[in-house]
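J.: My questions are about this predicted structure, shown below with the sequence.
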Amino acid sequence: MNQPITVEAHIEAPIEKVWTYWTQPEHIMNWNAASDDWHTPYAENNLQIGQSFLSRMAAKDGSASFDFKGTYTAIVHHQLIAYTMEDGRKVRIEFEQREQSTHVTEQFDPESENPIELQEAGWQAILNHFKRYTENH
């Protein structure tokens, strides 16, 4: 198994806002896409250990879609979210308040179908969309 991949972003917003926008479905549907031709038309989130989330990611032209699902394994309010994806890969997101801004670090186990660089770029693009959405709304 490869080493986890890490992506990160510094968000000019307080941790309370960052946490809300990261965890609430009405916000997730507005930022959860790697490119402008994709979107998340549906999201549900039960932010409790042992519970799950689901985001349906779809091409805006209707050509493709997939469900991104996982089960929470650790939650520390305003600090940490960890989960296991359906295929067994692990994800860990750390939130660090820095004065009036928040640093988000996301680590995830790579899958074996796509190159590491492509996976890193995709997850970083989603995190960058989150940053833009959170800072501008």
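T.: Received the coordinates, thanks.
J.: buried set for the longest strand along the chain?
T.: The strand spanning the most residues in the chain, taking DSSP state E as the definition, is strand 65-76. For strand 65-76, burial by neighbour count (16 or more other CB atoms under 10 Å) applies to 69-70, 72. Just so you know, the C-beta spots here come from the backbone N, C-alpha and C atoms, and that holds for glycine as well.
J.: Output the contacting helices and strands for that strand.
T.: strand 52-59, strand 80-85, strand 90-98 (3 or more CB pairs under 8 Å, 6 or more residues apart in numbering; DSSP states H and E).
J.: got the angle between the longest one and strand 80-85?
T.: So the one you mean is strand 90-98. On the basis of axes from the mean of the first three to the mean of the last three CA atoms, to 10 degrees, strand 90-98 is oriented at 160 degrees to strand 80-85.
J.: do the first one as well
T.: In terms of direction (the same axes, to 10 degrees), strand 52-59 departs from strand 80-85 by 70 degrees.
J.: Which other helices and strands does strand 52-59 contact?
T.: Partner elements for strand 52-59 (3+ CB pairs under 8 Å, 6+ apart): strand 38-45, strand 65-76.
J.: Could you dump these into TSV and include mean pLDDT?
T.: TSV is the format used below for these (pLDDT from 0 to 100):
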stretch	mean pLDDT
strand 38-45	97
strand 65-76	97
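J.: can I get these in TSV with distance to N136?
T.: TSV is the format used below for these (distance: least, CB to CB, whole Å):
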stretch	distance to N136
strand 38-45	17
strand 65-76	24
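J.: now the buried residues of strand 65-76 in CSV, with distance to N45?
T.: Shown next, in CSV, are these (distance: CB to CB, whole Å):
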residue, distance to N45
K69, 11
G70, 10
Y72, 9
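J.: Tell me the buried residues in stretch 29-41?
T.: In stretch 29-41, counting by 16+ other CB under 10 Å, buried: 29-34, 38-40.
J.: can you tell me the distance between the two ends of that stretch?
T.: Taking CA to CA, to the nearest Å, stretch 29-41 runs 6 Å from one end to the other.
J.: likewise stretch 36-56?
T.: Using CA to CA, the two ends of stretch 36-56 sit 15 Å apart.
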